[in-house]
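[1] I'd like to go over a predicted model; first the sequence, then the structure.
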Amino acid sequence: MKRKLISTSLAFCFAVLSITGVLFYFYDYKKGIAATHTLFGFLFLVGAFFHIKTNWNSLRSYFLKKGLNSHFIFPGFMFLLLLTLAITDSEPVSSLMDLGTSLRANQKKDVENNSFMAIKKNLGSPNQLEIELVAGEHYWHPQMAIWLETMEGEYLTSLYVTHATAKGTFFGGRTKENFKSFDTQQRQSQEYRRVDALPVWSPGRGVQQADGLYAPSPENPLPDAVSGATISSSFRLRTSFGGTPNRVRLRLEINVAFDDNEFYSEFDFPEDEIYHNGTGQLGQPSVIYEAVIDLGNPERTYYLMDLLGHGHHSGQTGSIYPDLKRLTTAKKIVERILVKTFRAE
């Protein structure tokens, strides 16, 4: 009875994992499917453990009797080969995964095209990018910068920066209670610069302002070619670049105001004057995503950006901190970011 229960449970778990795995390949990410796949994956591991424990004596005697004959060598070799190809992103596994990414991206465009803002910036260079960001449940009028770096971390160029950061013009008067409506009802009140908004991108540019800060100022703003309004929803940004190495780091830094939690609140960092500078925009630090774009590999055209870490809570360093345990809603600003590369015709 016990063995039948374990075997039946394993069969059900395997069926669910197979179905959700196929759905992941053909359809875009869905939280419900991901939760089902993860849950039944853990249940499958538990069932496999009890299966081995229950049948240990039989399995042990079978292996000792048979030894490593051809019935085990060939499957074991194929398993190790496929595992190596998957881990190293080698062919033909790489092409298979790129095909799935392409199918999902095209399906998203056909089904939900109206839900994305379409933005075009600086399309004069041969290397074209389409960056598709799907907003998460805590996405709200974020400050954002998208830029390129060399593989060694040297800043190359900015592709898109939200207006308030690019021009150094944040408006005072916003509070945690009114900020969702204040952006659409801006009044000419006191202006200030938020050095903690995008603390990785700002010093990475290496452009220091007259007051010693790296955040752009109204006297030395970024050009309109790379700046734009705060994006209020999911979007597809079409842009281009040229004169770069074949392999570059594409990075995106994003920050939402007033997303405080138990670790980043008015009661934390009492000695940090910059964090408590009276702007009323305390909250979790920025988060940074990255994809390594390989222009020398024309067969690969789709990339998913990974979450690298977060910036300094008060913008005092340009470092990326990989420990994300204290972040909560900041990890839910973005659901996913897909990048497509192609050459201009």
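    Arrived safely. Numbering: from 1, shown residues only.
[2] can you pull the contacts of Thr157?
    For Thr157, the contact set (CB atoms under 8 Å, 6 or more residues apart in numbering) comprises 147-148, 226, 241, 244. To be clear about C-beta, it is placed using only N, CA and C from the backbone, and glycine gets the same treatment.
[3] ranges for the strands of the stretch 201-345 of the chain?
    All strands of the stretch 201-345 of the chain, identified by DSSP state E, counting those that start in this stretch, fall at 227-228, 235-241, 247-255, 287-294, 302-304, 306-310, 334-343.
[4] using CSV, write out the CA atom coordinates for the host helix or strand of Phe42.
    Using DSSP states H and E, Phe42 falls within helix 31-54. Coordinates of each C-alpha in helix 31-54 appear next as CSV, following Å, rounded to 0.1, in the frame of the first residue of the first chain:
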residue,chain,number,x,y,z
LYS,A,31,3.1,33.3,-11.6
GLY,A,32,0.5,30.6,-11.2
ILE,A,33,2.3,28.2,-13.6
ALA,A,34,5.6,29.0,-11.9
ALA,A,35,4.2,28.3,-8.4
THR,A,36,2.6,25.0,-9.6
HIS,A,37,5.9,23.9,-11.2
THR,A,38,7.9,24.8,-8.1
LEU,A,39,5.5,23.2,-5.6
PHE,A,40,5.3,19.9,-7.5
GLY,A,41,9.0,19.9,-8.0
PHE,A,42,9.5,19.9,-4.3
LEU,A,43,6.8,17.2,-3.9
PHE,A,44,8.6,15.1,-6.5
LEU,A,45,11.9,15.3,-4.6
VAL,A,46,10.2,14.3,-1.4
GLY,A,47,8.5,11.4,-3.1
ALA,A,48,11.7,10.3,-4.8
PHE,A,49,13.4,10.3,-1.4
PHE,A,50,10.8,8.0,0.1
HIS,A,51,10.7,5.8,-3.0
ILE,A,52,14.5,5.2,-2.7
LYS,A,53,14.2,4.7,1.0
THR,A,54,11.3,2.2,0.7
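[5] mean confidence score for that helix?
    In this model, helix 31-54 has a mean pLDDT of 83.
[6] model confidence score at the residue lying closest to Asn246 once chain neighbours are set aside, please.
    Among residues not flanking Asn246 along the chain, Gly296 sits closest, at 3.8 Å (CB to CB, 6 or more residues apart in numbering). On pLDDT, Gly296 comes in at 85.
[7] now Ser319
    93.
[8] got a list of what the closest residue to it other than its chain neighbours touches?
    For Ser319, ignoring the flanking residues on the chain, the nearest one in space by CB to CB, 6+ apart is His312 at 6.6 Å. The neighbours of His312, taking CB under 8 Å, 6+ apart as the test, are 196, 199, 285, 318-319, 321.
[9] give me the buried subset of these.
    Buried subset of the contacts of His312 (neighbour count, 16 or more other CB atoms under 10 Å): 196, 199, 285, 318, 321.
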